[in-house]
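Participant: I need the structure of the sequence given here:
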Amino acid sequence: MQKHDLLHEFPELKDKIHDLKTSNSHFRKLFDEYHEVDHQVHSYESGATATTDEHLHELRAKRVHLKDTLYSMLTN
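Facilitator: This is a model prediction of the structure:
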């Protein structure tokens, strides 16, 4: 199973992620939400928890949206 946490997704932005987590409360909130959604997706994908295909699809879409938003914040 592939890791989707932000440090694995954007290793080159590790320092910037740390800086924004400590200095930007909006980034921190989105980062925490991304982490929670990613954890839920992994739980469902691993079979540890059951869900519907529709719910899993919604969570994956939410994860992509959050990642895009966070990436935009990291690169602007």
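
Participant: who are the packing partners of the helix or strand hosting Val64?
Facilitator: Using DSSP states H and E, Val64 sits in helix 53-75. Judged by 3 or more Cβ pairs under 8 Å, 6 or more residues apart in numbering; DSSP states H and E, helix 53-75 is in contact with helix 6-9, helix 14-23, helix 25-45. Using the backbone N, CA and C atoms, a C-beta is placed for each residue, glycine as well.

Participant: so how far is the helix or strand bottoming out on mean pLDDT in the chain off the chain centroid?
Facilitator: Every helix and strand of the chain was ranked by mean pLDDT, DSSP states H and E. The lowest is helix 6-9, at a mean of 89. Counting by Cα atoms, centre = their mean, to the nearest Å, helix 6-9 is centred 9 Å from the centre of its parent chain.

Participant: show me the shaky parts of the chain.
Facilitator: 1-3 (pLDDT under 70).

Participant: which residues touch the most centrally placed residue in it?
Facilitator: Residue closest to the mean C-alpha point of the chain, counted by Cα atoms, centre = their mean, is Tyr34 at 3.1 Å. In this structure, Tyr34 makes contact with 6, 63, 66-67, 70, judged by Cβ atoms under 8 Å, 6 or more residues apart in numbering.

Participant: try it again at 10 Å.
Facilitator: Applying Cβ atoms under 10 Å, 6 or more residues apart in numbering to Tyr34 gives the contacts 4-6, 9, 62-63, 65-67, 69-70.

Participant: same thing with Ala61?
Facilitator: Going by Cβ under 10 Å, 6+ apart, the list of residues near Ala61 reads Val37.

Participant: repeat for the one 4 residues further on
Facilitator: For His65, the contact set (Cβ under 10 Å, 6+ apart) comprises 30, 34, 37.

Participant: next, count neighbours for the closest residue in space to Ala50 that isn't next to it in sequence.
Facilitator: With sequence-adjacent residues excluded and distances taken as Cβ to Cβ, 6 or more residues apart in numbering, Ala50 is closest to Tyr44, at 7.5 Å. Tyr44 has 18 neighbouring residues, counting by other Cβ atoms under 10 Å.
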